[in-house]
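Asker: quick one: sequence and predicted model below, then my questions.
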Amino acid sequence: MKFEPGDTIIVRLTDEEGKVVEIMNEKMVMIEVKGVRFPAYTDQIDFPYFKMFTEKRQAEKKKVYIDQVKKEKEPARKKEGHGIRLSFFPVFDKDVFDDDVVDKLKLYLVNEDETAYHFTYNLMIGGQSEFQLKNTLEPLRDFYLHDVPFEDLSDSPRFDFEFSLKEPDKRKAPHVEASLKLKGKQLFKKIEEIQLKNEPSFGYTLLEQYPDKVEEEKMDLSRLGNSGFRLYDASRARQHLEPARSVVDLHIEKITNDWKHLGNFEILSLQLKTFEKYYNLAVAHYQPSLVIIHGVGEGRLRDEIHDILRLKKEVKSFVNQYHHLYGYGATEIFFEYK
C-alpha cells in the first residue's frame, strides 16, 4: 500500500485520525496525530475510506427470551391401525469395501391406539438381561426405546413387555404381557426386504387389542369332594410333591439303564422330558437356582435347553460358563418369583 506525504490516515490500533508527513522507507512513514509526530509501519495505518468499506458492521442481535419461542408442535399421527408394534430402524455404515453394513438398530414402540399405556421393557440376550425400562406410551405416539448393536442380535434376542392401562378400567385386565423372540436369520431377511423395497424400518405387532378382565369362576369344592375327588390344602400342596434337585444330570446313562437301543431323537426327547420334570419341581419348590448338566458334545441338548429357558417367565438369567466341577458342560439357572 503506497502512502504519500499529506495523505489522511487512520491508526488501526486506536482508530485515531492523522496524516502522513514523511516517507521514511518502503515499510515506515512518519505520521502526525493530534500534533504529535511518530514513526509507524505502513501495515499499522489505513486510509479512512478503506476502513469504512472493509469494516464488518455487526448489527445488534435482538434478544429472544424463552417465553417468546414458539413451541414446535408434534404433528398428530393419523390412526392407521390398532394395537402396539415394536419397530426396528436399521442404521447403516460403510465397511472397508465401501459397502453398506448395519451398525445398529433403533427400537421404537408404536402406539396405534387412542389409549395411553404404562409399560415395562426387558431385553434378554443369551439368557442375560441387557436393558430395562419403565415408562408411559401416549396415544398415537412413538416411543424411542434404545439402540441395539447389530452384533448383539445374533444371539436370539428376546424382547419382553408388560402393558397396563394408564387410566385403569375395572372391565379390563390389570396387565398384559407380550414377548417377541427373534433369530439372526429372521433379522437378516427382514433387513434385506426393506432394502429392496427402499423402506426405513420393519416391525412386529406386540398387542392387537387390550384384553378384557377375565372373571375367575368360583369352584364349589364341596361338590368336588362329594364326587370322590381328593382335595388338598393349597398351603400344604408342596408336601405332596416329589423332592426337587439342585443338580440334574441329563447324561442318558444317568436317566435310564435301558438306553443302548435308543436312537438319537429318542435320547434327546427323554433328556428334555427329564429336564422339564425337574425344572417344574424346582419352580414348585421355589428354588433359587438349578444346575443342569448337559455335557459338551455337539451342543444340541444345551441349545434346546437354552431355547426353552428363554421362554420361561420364572428364569431371571442363566449362564453356561466354566464350572470347577462340570467344566463347560453345565448351565446354571437363576429364578425370580413374583
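Answerer: Done, it's in. Numbers count the residues shown, from 1 in each chain.
Asker: the helix or strand harbouring Leu281: which residues count as buried?
Answerer: Leu281 belongs to helix 264-284 when assigned by DSSP states H and E. The neighbour-count check on helix 264-284 (16 or more other C-beta atoms under 10 Å) flags Ile267, Leu268, Leu270, Gln271, Thr274, Phe275, Tyr278, Tyr279, Leu281, Ala282, Val283 as buried. Heads up, the C-betas are built off the backbone N, CA and C, glycines and all.
Asker: chain center to that helix, what's the gap?
Answerer: With C-alpha atoms, centre = their mean, to the nearest Å as the basis, the distance from the averaged C-alpha position of helix 264-284 to the chain average is 33 Å.
Asker: ok, now which ones touch Leu105?
Answerer: With contacts defined as C-beta atoms under 8 Å, 6 or more residues apart in numbering, Leu105 is in contact with Phe88, Phe89, Pro90, Val91, Asp147, Val148, Phe150, Leu153.
Asker: how is the first one assigned, secondary-structure-wise?
Answerer: This points to Phe88. With DSSP: H, G, I helix; E, B strand; the rest coil as the basis, Phe88 sits in strand.
Asker: cool, and the last one?
Answerer: When the structure is split into helix, strand and coil by three-state DSSP, Leu153 lands in helix.
Asker: would you check that it makes contact with Leu187?
Answerer: Yes - in this structure, Leu153 sits in contact with Leu187. The criterion is C-beta atoms under 8 Å, and the distance is 5.5 Å.
Asker: nearest the middle, which residue of this protein would you pick?
Answerer: Centroid-nearest residue in the chain, with C-alpha atoms, centre = their mean: His146, separated by 3.3 Å.
Asker: give me phi/psi at Glu138?
Answerer: Taking degrees, to the nearest 10, you get phi -80, psi 160 for the backbone angles of Glu138.
Asker: ok, the closest residue in space to it that isn't next to it in sequence to Glu167 distance?
Answerer: Ranked by C-beta to C-beta, 6 or more residues apart in numbering and with sequence neighbours excluded, the top spatial neighbour of Glu138 is Ala116, at 5.3 Å. Taken as C-beta to C-beta, to the nearest Å, the spacing of Ala116 relative to Glu167 amounts to 7 Å.
Asker: hang on, the earlier thing: the residue nearest to the centre of the chain and His294: what is the separation?
Answerer: Applying C-beta to C-beta, the value for His146 to His294 is 33 Å.
Asker: re the thing from before, only whichever of the contacts of Leu105 are buried, select them in ChimeraX.
Answerer: In ChimeraX, selecting the buried portion of these, with burial taken from 16+ other C-beta under 10 Å, looks like this:
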select :88,89,90,148,150,153
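Asker: Lys312: which of the contacts of Leu105 is nearest?
Answerer: Nearest to Lys312 among these: Leu153, at 21.0 Å, using C-beta to C-beta.
Asker: give the contact list for that closest one.
Answerer: Leu153 sits next to Leu105, Leu182, Gly184, Leu187 when contact means C-beta under 8 Å, 6+ apart.
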